[in-house]
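Asks: what follows is a predicted structure for the sequence shown.
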Amino acid sequence: MRSYGRDLSGGLENVPVLIESSVPKEAFSNFQYVPDNTQGPGCDLDPSAVTLPGCSCGAGSCLPDRCPCLRFGQAYDGAGRLNPPPEDGGYSRPVFECNALCVCSESCQSRVVQKGVEVQLGVFSTEDRGLGVEALERLSCGRFVCEYAGEVIGSHEARRRQLSQTPLDMNYIIAVREHSGGDRVTRTFVDPVNVGNVGRFINHSCQPNLLMVPVRVHSLVPRLALFANRDIERDEELTFDYAGGQRDKAETGTRTGPDADETPGRKACHCGAANCTGFLPLDMSVLH
């Protein structure tokens with residue numbers, strides 16, 4: 001059993017994000033905690049701005065057949081879990097939540113990610129992967145855990161930052177591509193290396209227990225929400241697929257050819273899963 005002390009979020013989350021007592025303060029000396037995405041270089045939209053229209057539902061909880069926010073269906077069940085439960089293959093349904101302009105109550109079933117972290121999490125030192133995050137309570141399948149929040153940046157800035165990394169630097173930029181019909185693709189780049197939340201410290205696994213789902217709340221800029229894709233036990237390390245659960249669509253993390261280790265920014269994977277690809281996912285399109 002690890003010993004935990006101070007709060008990484010500094011009181012910015014609903015529940016303290018605890019840090020293992022043995023982790024030195026210097027580990028966070030160049031890190032600013034933010035609970036939500038912030039606007040970075042090359043991002044044309046302010047993620048914090050309320051730009052989506054609200055609903056006029058008068059009920060305490062909105063219904064899919066009446067609420068325009070739920071035109072793609074009700075994303076959550078009555079306990080705030082993903083509905084239907086997430087599967088290993090990903091979650092393809094677009095997710096919109098009611099927002100600050102909606103008339104429905106704060107207890108509406110369609111308000112989950114916007115409430116922030118509501119589970120107990122701990123940041124600890126791993127043996128060979130730097131810092132990691134573990135669940136300090138049991139999490140049921142479909143439970144929202146946290147966002148992968150940080151600076152939302154443009155593609156050119158993402159490329160510049162990727163190319164500026166040294167072999168000793170870790171990969172933090174997540175590139176999520178969403179297919180919205182036909183050949184239209186929306187790309188979102190989030191970098192939490194200096195400005196971010198607890199999601200920054202969650203390690204990759206080729207067989208993860210979390211699933212990343214783009215969720216839109218107040219803005220068209222998606223929040224990269226992490227949900228449990230199975231029941232997670234207390235003291236179990238939390239992991240997600242750095243390819244965003246979209247390996248088949250986004251072509252991220254599937255390159256394992258003989259020159260993979262010579263790719264700029266490519267890092268070895270130490271997740272230990274039986275299906276481990278040997279390298280951390282890397283969106284090659286960022287470099288071109």
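Replies: Alright, I've got the coordinates.
Asks: what ranges do the helices span in this structure?
Replies: In the chain, the helices defined using DSSP state H lie at 155-164, 247-250.
Asks: I'd like the average pLDDT over the longest one.
Replies: Averaged across helix 155-164, the pLDDT comes to 92.
Asks: report pLDDT for the residue located most distally from the centre of the chain.
Replies: In the chain, counting by CA atoms, centre = their mean, residue 58 sits farthest out from the average C-alpha position, at 31.4 Å. If you check residue 58, the pLDDT there is 83.
Asks: which ones are touching it?
Replies: 103, 104 (CB atoms under 8 Å, 6 or more residues apart in numbering). Using the backbone N, CA and C atoms, a C-beta is placed for each residue, glycine as well.
Asks: tell me how far it lies from residue 112.
Replies: Distance, residue 58 to residue 112, using CB to CB, to the nearest Å: 21 Å.
Asks: if we can go back for a sec, take the helices of the chain and write them to a markdown table, including mean neighbour count and distance to residue 203.
Replies: Output for these, formatted as a markdown table (neighbours: other CB atoms under 10 Å; distance: least, CB to CB, whole Å):
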| stretch | mean neighbour count | distance to residue 203 |
| --- | --- | --- |
| helix 155-164 | 16 | 19 |
| helix 247-250 | 16 | 17 |
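Asks: closest to residue 64 out of these?
Replies: Shortest separation from residue 64 across these is recorded for helix 247-250, at 25.6 Å, computed as CB to CB.
Asks: now do the closest one, average pLDDT.
Replies: Helix 247-250 shows a mean pLDDT of 37.
Asks: one more: stretch 126-134?
Replies: If you average the pLDDT over stretch 126-134, you get 93.
Asks: in that stretch, what counts as buried?
Replies: Residues of stretch 126-134 classed as buried: 129, 131, 132, 133, 134 (neighbour count, 16 or more other CB atoms under 10 Å).
Asks: kindly export it (C-alpha atoms) in PDB.
Replies: Output of stretch 126-134 as PDB, limited to C-alpha atoms (Å, rounded to 0.1, in the frame of the first residue of the first chain):
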ATOM      1  CA  THR A 126       6.600   3.300 -11.600                       C
ATOM      2  CA  GLU A 127       9.600   1.000 -11.900                       C
ATOM      3  CA  ASP A 128      10.400   1.800 -15.600                       C
ATOM      4  CA  ARG A 129       7.900   4.300 -17.000                       C
ATOM      5  CA  GLY A 130       8.300   7.400 -14.900                       C
ATOM      6  CA  LEU A 131       5.200   8.500 -13.100                       C
ATOM      7  CA  GLY A 132       1.900   6.800 -13.400                       C
ATOM      8  CA  VAL A 133      -1.700   7.000 -12.000                       C
ATOM      9  CA  GLU A 134      -3.600   4.400 -10.100                       C
END
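Asks: tell me where the model's unsure across the protein.
Replies: Applying pLDDT under 70 to the chain flags residues 85, 87-90, 181-182, 244-266, 282-288.
Asks: about what we covered before: for the residue farthest from the centre of the chain, give its distance to residue 102.
Replies: According to CB to CB, residue 58 stands 11 Å off from residue 102.
Asks: now do residue 108
Replies: The spacing between residue 108 and residue 102, counted by CB to CB, is 7 Å.
Asks: okay, and the common contacts of the two?
Replies: In contact with both residue 108 and residue 102: 57, 62, using CB under 8 Å, 6+ apart.
Asks: residue nearest the centroid of this structure?
Replies: Note: the chain centre (CA atoms, centre = their mean) maps to residue 148, 3.0 Å.
Asks: give me the nearest residue to it, chain neighbours excluded.
Replies: Among residues not flanking residue 148 along the chain, residue 199 sits closest, at 3.7 Å (CB to CB, 6 or more residues apart in numbering).
Asks: list the contacts of the one you found.
Replies: Residue 199 makes contacts with 146, 147, 148, 149, 150, 192, 224, 226, as judged by CB under 8 Å, 6+ apart.
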